[in-house]
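K.L.:
Requesting a structural model of the entry that follows:
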Amino acid sequence: MLSDVTTPQDLDDRFRAALTALGAPAQRRDLGEPLPGDASLTGAQALALFDAQLTSRLLDLAGRWLRSFGEGYYTIGSAGHEGNAAVAAALRPTDPALLHYRSGAFYCLRAAQAAGGFPAGAPVPTGEASAARIPDPRTPAAGEVDADPDRPDGSPESGELAGDPAPAPAALPLDGPAAPDGAGASDGSGASDGAAASDGAGALDGGGASDGTAATDGAGAPTSPAAPTSPAAPTSPAAPAGPAAPQAGDGAGAASLPSGAGVAVDTVGAATVGVPDLPLPDPDDAYAEAARDVLRGMVASAAEPIAGGRHKVFGRADLAVIPTTSTIASHLPRAVGLGLALERLRRGGRRADGDSGAAPWPPDAIVVCSFGDASVNHATATAAFNTAGWYDHTGLRIPVLFVCEDNGLGISVRSPRGWVAETLRARPGIRYFAADGTDVAEAYRVAAEAAAWVRRHRRPAVLHLATVRLMGHAGADAETAYRSPAEIAADVARDPLLATARRLVEAGYATGEELLARYDERGWQVRRLAEEVLDEPKLASPVDVVAELAPRRPVRISRAVADAAARAAGPDSGARAEAFGGRLPELAGPLTLAQSINAALADGMLDHPGMAVFGEDVAAKGGVYGVTKGLRDRFGAARVFDTLLDETSILGLALGAGVAGMLPVPEIQYLAYLHNAEDQLRGEAATMRFFSRGAFRNPAVVRVAGLAYQEGFGGHFHNDNSVAVLRDVPGLVIAVPARPDDAAPMLRTCLAAAAVDGAVSVFLEPIALYHTRDLYTEGDGEWLAEYAEPGAWAARHVPIGRARVYGVGSAEDLTIITFGNGVRMSLRAAAALADEGVGSRVVDLRWLAPLPVADIIREASATGRVLVVDETRRSGGVGEGVIAALVDAGYVGTARRVAGLDSFVPLGPAARQVLVSEEAITEGARTLLAR
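P.N.:
Here you go, the predicted structure:
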């Protein structure tokens, strides 16, 4: 067993003792009957929820047991949060879920749902009138007024005090289009979706009519949905009674027997009703399978179904559970993007592969995203709520159910009483629901209402679920250092697992002994599984670890580019000519860098039906520098659109769209603005394949205008040269096109890599070169280039990680390695050196990650003298990586760097004091040649 593991609250011992004390109900009730007092659940469903909850609890104990002898690596548990099983039950197993790390019960219940192991029951109530607000989890003192946020002044309704359920908030007034026909808040009758209001129990039993008429038994007598027992034996939630024993010849009595009940007749002819004992769990059921998944994650087994031992996450593709790595709110922007993408696909949008109506999830799916109360304060959470509300206000629908599981603590820091509820209620455009997560019936009822509301209206909502936290934050957390014994005891008294067990016994579905036997049987099962997974192999080589990091299949990418060229020149040539208004870019003469990117984006939109271009000012304005000009007119506002001003949300929209099968091309207006949101690339985008073994991916090409040297427009926000944070992200592709004739093929490569491999690329565009026309002298036009016609795309394909080399003069004396603005400056410097008899080869890296190491070594070895021209900073700049590559390869020649200073870029002419100049390049070359 796992009971040898001690916890600060001795949860196992306490739970076992409490189950024993529950004893037996006065009368037994069949599992098929609705739960007394709350007909939204049957006994069988409540028992299934209990199974998910106790499996999750035993997994928490198993994690600590494994850790006690050094074989477990994860002890953040779900104890106290097991009410989220009810949230899973209220959703569909095809609703994509992004779960935080206390979601053990949710995961177990979803596994049972997907396997058909969650019993069907009475209709779920969907009326909004019962979506009552409940007070904040930390209940105010007696008599303290709970302000009503739905009133303009925040004042309470007359007589409404904290602790009393308040009416549901009215539907939020929005400026967007009206909700679909029939949508909207209920009229107060409790009816929704055209159905008649149910009685106080909130649902009809299995024999209830859905049209509002009374259900009748076989004899025509009406039955009560809340109490399907004989009138002779009324029940109450506290002491449920079974049906009256049938009398001889009483057909009505026989008809009212619980389903599954048996009748025993003794020797004198007296009949009694019996309900079968509670069966023990199946050792190979879906809960066991889910437990094995979680245990494999705890021991870093390579057989773990989602991350393969790379991380302990909740995720499985066939369960529509998308792994999240941090869950300190960083996954919320992705959830918003996923909701927006699902709705777009539902309305006829297309995936990157061109399929319509072929989204990974059903058309009416909704997104569920869970997080803790402390995460409400995180900037990414604020961004996600704001974006969801902003789009809802504009009329765009985002079907996302946010679930805030509020235990009142962020490790040791308390959430101020009332803060979380007040914060969530105040979010414009987001419907607020609340429930007690320790009461599984209430949690299920309200979660079902919230999910139904989101599914029907296709609008965002938040479910505020009050929970407790048991066993601390993790195994090493000593709660006694920051919580009083009374606080800890109060949480233990609200143990949701015990609350469900008590409900089952009081309702007459089970005895305490039966539930204890069930708990013990599952405990042995989890113990056996834990011992089995200990012997499974771990990741044992670097190749195993990085196998799914960022697969590179250059042959397939090259083929994809060639196929796109064939379509553009063949069957799609007419549509292409129409899209360009008859003025094909290859016939327009030499183009600038900006014009070439614009044409390549248009060609990408034509070839990838699921591609969307979005960001600040990209649609109506066409971008600050005109790079996206005309794209909205050609492809429509659904595919080219402006976003709100928030980089975190822009990237979050891209990540969600990518998971949904689209090919997003978001724009970050300036490189300096990316730093506000870079964790969406580092912690979310780049990790998806790695932590899902390729089961999920979020392809994206993130266009960023950046680097320095803008004339007349200074300051480091518009001349940022910091790329070190990007180069540090494993698997991220960083492209820096300098020339127009490189920009288009490099963009095509990035789009193809996204479609083929799910790659995430940052396409860093040098602002100062956008509209540059000349290279050596004014008017020479040598920085312009022709746009290749489709027949030449395959021949001019630029693979990821391949450099471009320019020979100047003899090209035998010096190798200059550079990128971006450095290419133009280095070519000009090389021309000046050629006048002095020095032959140079200028290497344009083109790709900062992965670096073109083979090209670097080859070109460096050709001359034995290397000058690295790095327009980023000396510390942490690209030049450090180039020099390191040379050293690692055993390069024996001489090398020198010319780099920007470790400084932000100042305003005006002062910028020249910290940036690389042509003069510095020339002097550096002369110094190197003099050695």
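K.L.:
give me the low-pLDDT residue ranges for this protein?
P.N.:
For the chain, the stretches with pLDDT under 70 are 1-9, 122-276, 326-327, 349-359, 712-715.
K.L.:
Thr628 touches Ala619, doesn't it?
P.N.:
Yes - Thr628 is within contact range of Ala619, at 7.4 Å (criterion: Cβ atoms under 8 Å). Where you see a C-beta, it was placed from the backbone N, CA and C, and this is true even at glycine.
K.L.:
Which residue of the two possesses the greater neighbour count?
P.N.:
A count of neighbours by other Cβ atoms under 10 Å puts Thr628 above the other of Thr628 and Ala619, at 26 against 21.
K.L.:
Please tell me how far the residue nearest to the more buried one when sequence neighbours are not counted sits from Thr643.
P.N.:
Using Cβ to Cβ, 6 or more residues apart in numbering and skipping the chain neighbours, the partner closest in space to Thr628 is Val618 (4.5 Å). Distance of Val618 to Thr643, computed by Cβ to Cβ, to the nearest Å: 8 Å.
K.L.:
hmm, back to that, mind listing the shared neighbours of Thr628 and Ala619?
P.N.:
Jointly contacting Thr628 and Ala619 under the rule Cβ atoms under 8 Å, 6 or more residues apart in numbering are Val640.
K.L.:
circling back: so the residue nearest to Thr628, which of the three states?
P.N.:
coil (DSSP: H, G, I helix; E, B strand; the rest coil).
K.L.:
what's the answer for Pro119, then?
P.N.:
Classified using three-state DSSP, Pro119 is coil.
K.L.:
tell me the contacts of it?
P.N.:
42, 44-45, 48 are the contacts of Pro119 under Cβ under 8 Å, 6+ apart.
K.L.:
could those go into a markdown table alongside distance to Val468 and neighbour count?
P.N.:
Compiled in a markdown table, the contacts of Pro119 are given as follows (distance: Cβ to Cβ, whole Å; neighbours: other Cβ atoms under 10 Å):
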| residue | distance to Val468 | neighbour count |
| --- | --- | --- |
| Thr42 | 26 | 23 |
| Ala44 | 26 | 18 |
| Gln45 | 23 | 24 |
| Ala48 | 22 | 25 |
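K.L.:
just the residues you listed now: which is nearest Ile856?
P.N.:
Ala48 (60.3 Å; Cβ to Cβ).
K.L.:
Please identify the nearest residue in space to that closest one, excluding sequence neighbours.
P.N.:
Using Cβ to Cβ, 6+ apart, the nearest residue to Ala48 is Phe118, at 5.2 Å.
K.L.:
The nearest residue to Ala788 once chain neighbours are set aside: neighbouring residues, count only.
P.N.:
Counting by Cβ to Cβ, 6+ apart, the nearest residue to Ala788 once its immediate chain neighbours are dropped is Arg796, at 5.4 Å. The number of residues packed near Arg796 is 14, by other Cβ under 10 Å.
K.L.:
Tell me if I'm right that Arg796 and Pro745 touch.
P.N.:
Yes - with contact defined as Cβ under 8 Å, Arg796 reaches Pro745; the gap is 5.2 Å.
K.L.:
re the thing from before, so which of Val618 and Thr643 has more stuff around it?
P.N.:
Val618 (27 against 21).
K.L.:
quick one, what contacts that one?
P.N.:
Val618 neighbours (Cβ under 8 Å, 6+ apart): 628, 631, 640-642, 667.
K.L.:
how about TSV for the residues you listed, with distance to Tyr287 added?
P.N.:
Shown next, in TSV, are the contacts of Val618 (distance: Cβ to Cβ, whole Å):
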residue	distance to Tyr287
Thr628	51
Leu631	51
Val640	47
Phe641	44
Asp642	47
Glu667	46
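K.L.:
so which of the residues you listed comes closest to Asp285?
P.N.:
Phe641 (46.7 Å).
K.L.:
Help me confirm that that closest one is found in a strand?
P.N.:
Yes - under three-state DSSP, Phe641 falls within a strand.
K.L.:
which ones are touching it?
P.N.:
Contacts of Phe641 (Cβ under 8 Å, 6+ apart): 612, 614, 618-619, 632.
K.L.:
what about 7 Å?
P.N.:
Counting by Cβ atoms under 7 Å, 6 or more residues apart in numbering, Phe641 touches 614, 619.
K.L.:
Also the one 4 residues further on?
P.N.:
Contact criterion Cβ under 7 Å, 6+ apart gives Glu616 as the residues in contact with Leu645.
K.L.:
quick one: it and Phe763, what's the gap?
P.N.:
For Leu645, the distance to Phe763 - Cβ to Cβ - is 21 Å.
K.L.:
I figured Gln710 was touching Asp720, is that so?
P.N.:
No - using Cβ atoms under 7 Å, Gln710 makes no contact with Asp720, being 10.7 Å away.
K.L.:
The two: which is more packed in?
P.N.:
Asp720 (23 against 18).
K.L.:
And the strands in the stretch 701-850 of the chain, which stretches?
P.N.:
For the stretch 701-850 of the chain, the strands defined by DSSP state E, counting those that start in this stretch cover 733-735, 760-766, 804-808, 814-818, 840-844, 847-849.
K.L.:
now for those strands, which one comes closest to Arg16?
P.N.:
strand 760-766 (49.3 Å).
K.L.:
which strands and helices sit next to the closest one?
P.N.:
strand 700-706, strand 733-735, helix 740-757 (3 or more Cβ pairs under 7 Å, 6 or more residues apart in numbering; DSSP states H and E).
K.L.:
ok, now with 6 Å
P.N.:
strand 700-706, strand 733-735 (3 or more Cβ pairs under 6 Å, 6 or more residues apart in numbering; DSSP states H and E).
K.L.:
partners of the first one, with directions?
P.N.:
Counting by DSSP bridges, the strands paired with strand 700-706 are strand 663-668 (parallel), strand 760-766 (parallel).
K.L.:
ok, now the last one?
P.N.:
Strand 733-735 has the following strand partners under DSSP bridges: strand 760-766 (parallel), strand 847-849 (antiparallel).
K.L.:
Just name the most buried of these.
P.N.:
Most buried of the strands paired with strand 733-735, by mean neighbour count (mean count of other Cβ atoms under 10 Å): strand 760-766, with a mean of 25.
K.L.:
That strand: how far from the chain's middle?
P.N.:
Strand 760-766 sits 23 Å away from the centroid of its parent chain (Cα atoms, centre = their mean, to the nearest Å).
K.L.:
now the helices for the stretch 251-400 of the chain?
P.N.:
251-255, 286-298, 332-346, 379-394 (DSSP state H, counting those that start in this stretch).
K.L.:
Go through those and pick out the most buried.
P.N.:
Buried most deeply of those, by mean count of other Cβ under 10 Å, is helix 332-346, with a mean of 28.
K.L.:
Output the contacting helices and strands for that one.
P.N.:
strand 367-372, helix 379-394, helix 647-659.
K.L.:
Could you export the second one as CSV, CA atoms only?
P.N.:
Read it as helix 379-394. What follows is helix 379-394, C-alpha atoms only, in CSV (Å, rounded to 0.1, in the frame of the first residue of the first chain):
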residue,chain,number,x,y,z
ALA,A,379,0.8,39.5,-16.9
THR,A,380,0.0,36.7,-19.3
ALA,A,381,-3.3,36.0,-17.6
THR,A,382,-4.2,39.6,-17.8
ALA,A,383,-3.3,39.6,-21.5
ALA,A,384,-5.4,36.6,-22.1
PHE,A,385,-8.5,37.9,-20.3
ASN,A,386,-8.1,41.2,-21.9
THR,A,387,-7.8,39.7,-25.4
ALA,A,388,-10.7,37.4,-25.0
GLY,A,389,-12.9,40.3,-23.8
TRP,A,390,-11.5,42.7,-26.4
TYR,A,391,-12.4,40.3,-29.2
ASP,A,392,-15.8,39.6,-27.7
HIS,A,393,-16.5,43.3,-27.5
THR,A,394,-15.8,43.6,-31.2
